Structures are given as structure tokens and as C-alpha cells.
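Asker: Sharing a model prediction with you, sequence too.
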Amino acid sequence: MGRLASEEEKRKKAIFEGMSARSKKRILDKGYDNWDPFLQPNDPIDIRVDQGRHTAWELAKNFLQTRSHEEYSNDYGQGVWEICTGIISDKDRYRAMYEFSCWYRDLLKNGEQ
């Protein structure tokens, strides 16, 4: 972490002094100088968007609306949500599941087994 301005250093010290002993200990174990209480939080997953500017929630909802209610369960909906957020976040695990699913679909379509 870079050097803080004197005003920020005072705010950092005030934040640290207002913390519980347990929280202070955790910060001291990692190094007070490395601690940045001013870090911005990550975007919540529900406002992350894909290349088409759709949120994960919009994509999952739109997909599930194409299915009949008898066709899916809570586990099905949870699976849709997980792969949707995983793909939007560009996680290798979910990209691999998607690519395998496409490959397997093509394999079955071509009559290969």
C-alpha cells in the first residue's frame, strides 16, 4: 500500500482505534502498514453484466421463463444461477462446464457415443 496523506493516516488510525481487540489483532498479524481501510468493495454479482449488458439476474430470469414450471425444480434454478454468475465472472470452472455441455450436445446430435 502506498503512503497515505497525513489526513488519511489520521482517519486510518481513528478507524483502527475504534475496532475491537480481536479485529486489531487480525490487522496487526497481517501488518498495519499493509492494511487499507479505504478499499472500495467489489461490485455485487447481481450488477455485474455480460457482454450484452445484461445482469446475471436478468439472464437467469429470462432463461427460466422459457421453461415450464413442471420442467425445473429449486436445484435446477440454483444451477442456472450458478452457471450464469460463473460465466459472467469468467471463471474457468463454469466456462469448462459450458464448453463440455456444448461438446456433449453436438456429440449426441451427430449420433456418436
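Answerer: It's in.
Asker: pLDDT weak spots in this structure?
Answerer: Residue ranges of the chain with pLDDT under 70: 1-4, 41-50, 112-113.
Asker: longest helix in it, by residue count?
Answerer: In the chain, with assignment by DSSP state H, the single longest helix is helix 92-109.
Asker: My read is that Arg93 contacts Gly86, right?
Answerer: Yes: under the criterion of C-beta atoms under 8 Å, Arg93 makes contact with Gly86 at 6.4 Å. Bear in mind the C-beta positions are built from the backbone N, C-alpha and C, glycine included.
Asker: which of those two has more neighbours?
Answerer: Gly86 (19 against 11; other C-beta atoms under 10 Å).
Asker: Not counting its own residues, what contacts the helix or strand hosting Glu8?
Answerer: In the assignment (DSSP states H and E), Glu8 maps to helix 6-17. Contact with helix 6-17 is made by 4, 24, 27, 32, 35, 37-38, as judged by C-beta atoms under 8 Å, 6 or more residues apart in numbering.
Asker: Fine by me, thanks again.
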